[in-house]
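below is the sequence, then the predicted model.
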Amino acid sequence: MSGTPELTQAYWSLEASRPAYERAGGFYDGTVSEFHASPRVQRLLQKYRLRDMDSFNFAHIPVDAVADKLYINNLTSGVSAVDAVIEDIWDVNELGLEAPILHRNVCKFGDAYVFVWPSADADGEDITGVDMIVEDPVSVRVFYDLVNPRKKTHAIKSWCEGQGAERTTYAFMYYPDRVERYAYKGRVTKSDKGQDKWEPYTADGQEAVIENPLGFVPFYHFRTDRPYGVPEHINAYGPQLTLNKLVTSHVSTIDYQSFPQRYTLAEAGTTGPNYQQGEVDPFSPEDADSDPESMGTASQLEADPATVWELFNVREAGQFDAADAAVFLEPFDRYIKAMSQTTSTPFHEFDSTGDAVSGESRRQTNEAFYSKVSARQMSIGFTWGQLFVDVLGFLGLDVDRVDTVWRPVVPAESLTDVESLNLKRALGVPDEVLLIEMGYAATQVANWRTASVVDATGPVVAIEDDPTMTSDSDQVSEPTE
């Protein structure tokens, strides 16, 4: 068995997508350097190591602002026995810790994946559950049917080990019924012979093609768009590059503000050096043959208190004014505001020192941001539900759906919010649902169900068995992050 056309197509599709993901990660981490149109300026910055300075990174804020709102209260099927299994799977796979990483990667890259595979006992004979592993899109890519783009056809995971002549590239192709495993010695090329260099991988003692017992492609694609996502901060790239340029340019002028650039003007009628023959050149190092830029050579002029500088044939001395800091700082704020506008991220996420805006005004101002977060919750929550429906089916539990219950994007806090909840309660919405809308975790609400939390005359009364709630949802046990 050698490489197939589908393998090479999948590999190069993954390879072509990597630069964009790496660029997104670079902007999030603040490792993208500024751009200067002038080669001379670039050389100057490199000479004084200003290009190595850590950037003032604001591009991560649009990512974190959304990711921080993606907090799962619980996953529920509506059947308490099934929910207990969901909670066990969640806890065993440490998804309380892994899910926030996954959600941040979705916002950072636009795409992220969860790999699902059966877990077995020590003997490897009996399946005891499933393993779930968060994967990033740099090494994984899922492909879809051209006729039905909602249907996964296959997926590839590829990575490299070793360097130079010892370099090996691995590529595993995942289908609903099988996994094809390949290895490539050396650097992968696009030549016609490159396909033939993919060899079956059997170094771990298994066959090159192994069975997929799940019956479905074991990668679940979390994304901000379809078929593939877009980073939340993609529109922050331009403003961030400009901020980097402003910062490094400003820093390069700080030395001149602390130690101004000075000059001397020659006396009229004099020519050549500003000293007579046999006199000491005050601006030269003692060793005239030494490198004038060397830190080991010193000028004859000393900047000590009470010293007098003797300059010959000099009419006037002065200094140049350094660039005004406002030239850099004023546009700095404007580009941060541009980043806020282009990414639909509230400005207070970038600057928490401004005037506080709360209540209905803040909600209206941030409406575009809240809509974006709600869209992410819908997309990511659907994929979580799809994942658990398939996993539960593999474990022999037939469920129609699993719902993701998110912490509210805007918890009910103001008097207007409470009045709205009272109206919903009057219309028959259960108290349990109202408390979750207020931002309380479902587990916390479940613990309150047998206790009286508010006087019966108040807006929210004792939460006991509510006739509007079904028996299955009365004892929801959910994983929390």
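That came through fine. Numbering: from 1, shown residues only.

that's a strand at His154, yeah?
Yes - under DSSP: H, G, I helix; E, B strand; the rest coil, His154 sits within a strand.

relative to Tyr144, how far out is it?
Applying Cβ to Cβ, to the nearest Å, the value for His154 to Tyr144 is 9 Å. Placement of C-beta: from N, CA and C, glycine included.

same question, Ala165
Going from Ala165 to Tyr144 by Cβ to Cβ gives 37 Å.

so between the two, which is more surrounded?
Taking other Cβ atoms under 10 Å, Ala165 and Tyr144 do not tie; Tyr144 has more neighbours (17 against 8).

give me phi/psi at that one?
Taking degrees, to the nearest 10, you get phi -120, psi 160 for the backbone angles of Tyr144.

who does it form a beta bridge with?
With DSSP bridges as the criterion, Tyr144 is bridged to Lys152.

so what's it scoring on pLDDT?
We have a pLDDT of 98 for Tyr144.

for it, give me its contacts.
Residues in contact with Tyr144 (Cβ atoms under 8 Å, 6 or more residues apart in numbering) are 150-153, 227.

nearest to Phe109, of the residues you listed?
Pro227 (14.4 Å; Cβ to Cβ).

in a helix, that closest one, correct?
No - going by three-state DSSP, the assignment for Pro227 is coil, not a helix.

what about it, distance to Thr4?
Note on Pro227: its distance to Thr4, by Cβ to Cβ, is 22 Å.

over to Phe388?
Distance of Phe388 to Thr4, computed by Cβ to Cβ: 32 Å.

so which of those two has more stuff around it?
Phe388 (28 against 14).

the more buried one: which element?
Assigned by DSSP states H and E, Phe388 belongs to helix 367-394.

where in the stretch 151-300 of the chain is pLDDT low?
For the stretch 151-300 of the chain, the stretches with pLDDT under 70 are 191-195, 250-252, 254-300.

who wins for neighbours among the contacts of Tyr144?
That'd be Lys152 among the contacts of Tyr144, by other Cβ under 10 Å, with 20 neighbours.

surely that one meets Pro227?
No - counting by Cβ atoms under 8 Å, Lys152 stays clear of Pro227, with 10.4 Å between them.

can you pull the contacts of Ile101?
Val134 are the contacts of Ile101 under Cβ under 8 Å, 6+ apart.

looks to me like it is in a helix.
Yes - assigned with three-state DSSP, Ile101 falls within a helix.

any idea how far it lies from Thr343?
Distance from Ile101 to Thr343, by Cβ to Cβ: 21 Å.

who does the helix holding Phe388 touch, helix- and strand-wise?
helix 61-67, strand 72-76, helix 80-92, helix 95-109, strand 111-120, strand 127-135, strand 219-223, strand 403-406 (3 or more Cβ pairs under 8 Å, 6 or more residues apart in numbering; DSSP states H and E).

that helix vs helix 80-92, what angle?
Angle between the axes of helix 367-394 and helix 80-92 is 100 degrees (criterion: axes from the mean of the first three to the mean of the last three Cα atoms, to 10 degrees).

need the pLDDT of the closest residue to Leu243 other than its chain neighbours.
Spatial nearest neighbour of Leu243, chain neighbours left out: Tyr335 (5.5 Å); criterion: Cβ to Cβ, 6 or more residues apart in numbering. As predicted, Tyr335 sits at a pLDDT of 89.

among the helices and strands packed on helix 367-394, which is nearest Leu241?
helix 61-67 (14.9 Å).

what residues of the closest one count as buried?
61-67 (16 or more other Cβ atoms under 10 Å).

ditto for stretch 382-400
Using 16+ other Cβ under 10 Å as the burial criterion, the residues of stretch 382-400 that qualify are 383-385, 387-392, 394, 397, 399.

next, the angle strand 219-223 makes with the helix holding Phe388.
Orientation of helix 367-394 against strand 219-223 (the same axes, to 10 degrees) gives an angle of 170 degrees.

circling back to that earlier point, which one of the buried residues of helix 61-67 is nearest to Pro19?
Val63 (18.5 Å).

okay, the closest one and Asn57: tell me how far apart.
According to Cβ to Cβ, Val63 stands 11 Å off from Asn57.

same deal with Asn73?
When distance is defined by Cβ to Cβ, Asn73 is 31 Å away from Asn57.

higher neighbour count, the two?
Using other Cβ under 10 Å as the criterion, Asn73 and Asn57 rank with Asn73 on top: 22 against 17.

for that one, give its distance to Ala24.
Asn73 sits 29 Å away from Ala24, going by Cβ to Cβ.

one more: Val142?
18 Å.

which one's more surrounded, those two?
Taking other Cβ under 10 Å, Val142 and Ala24 do not tie; Ala24 has more neighbours (25 against 21).

just give the number of residues close to the spatially closest residue to the more buried one that is not a sequence neighbour.
What sits nearest to Ala24 in space, not counting adjacent residues and going by Cβ to Cβ, 6+ apart, is Pro231, at 4.2 Å. Other residues within reach of Pro231, judged by other Cβ under 10 Å, total 26.

what about Pro231, which SS state?
Under three-state DSSP, Pro231 comes out as coil.

thought Phe109 was touching Gly229, still the case?
Yes - here Gly229 lies in contact with Phe109, judged by Cβ under 8 Å, at a distance of 7.2 Å.

more neighbours: these two, which one.
Neighbours per residue, other Cβ under 10 Å: of Gly229 and Phe109, the larger number sits with Phe109, 28 against 20.

next, the contact list for the more buried one, please.
Phe109 touches 21, 24-25, 136-138, 229, 231, counting by Cβ under 8 Å, 6+ apart.

now distance to Phe219 too, for those residues, in TSV please.
Below are the contacts of Phe109 laid out as TSV (distance: Cβ to Cβ, whole Å):
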residue	distance to Phe219
Tyr21	16
Ala24	20
Gly25	20
Asp136	12
Pro137	10
Val138	14
Gly229	14
Pro231	20
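
closest to Ser77 among these?
Gly229 (27.0 Å).

next, work out how far apart that closest one and Lys424 are.
34 Å.

now do Phe27
From Phe27 to Lys424 the distance is 42 Å (Cβ to Cβ).

and for Pro200?
61 Å.

Ala59 against Thr31, yeah?
No - contact between Ala59 and Thr31 fails when scored by Cβ under 8 Å: they sit 10.7 Å apart.

of the two, who's got more company?
Neighbours around Ala59 and Thr31, counted as other Cβ under 10 Å, are more numerous at Ala59. The numbers are 29 against 12.

show me what contacts that one?
Residues in contact with Ala59 (Cβ under 8 Å, 6+ apart) are 27-28, 30, 233, 236-237, 239-240, 339.

just send these back as CSV, with neighbour count too.
Converted to CSV, the contacts of Ala59 look like this (neighbours: other Cβ atoms under 10 Å):
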residue, neighbour count
Phe27, 24
Tyr28, 25
Gly30, 15
His233, 28
Ala236, 28
Tyr237, 18
Pro239, 22
Gln240, 23
Met339, 25
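
with distance to Arg187 and secondary structure as added columns, please give these in a markdown table.
A markdown table is the format used below for those (distance: Cβ to Cβ, whole Å; DSSP: H, G, I helix; E, B strand; the rest coil):
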| residue | distance to Arg187 | secondary structure |
| --- | --- | --- |
| Phe27 | 28 | helix |
| Tyr28 | 28 | helix |
| Gly30 | 30 | coil |
| His233 | 32 | coil |
| Ala236 | 34 | helix |
| Tyr237 | 30 | helix |
| Pro239 | 37 | helix |
| Gln240 | 33 | helix |
| Met339 | 38 | helix |
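
out of those residues, which comes closest to Ile210?
Of those, the one sitting nearest to Ile210 (Cβ to Cβ) turns out to be Tyr28, at 35.8 Å.
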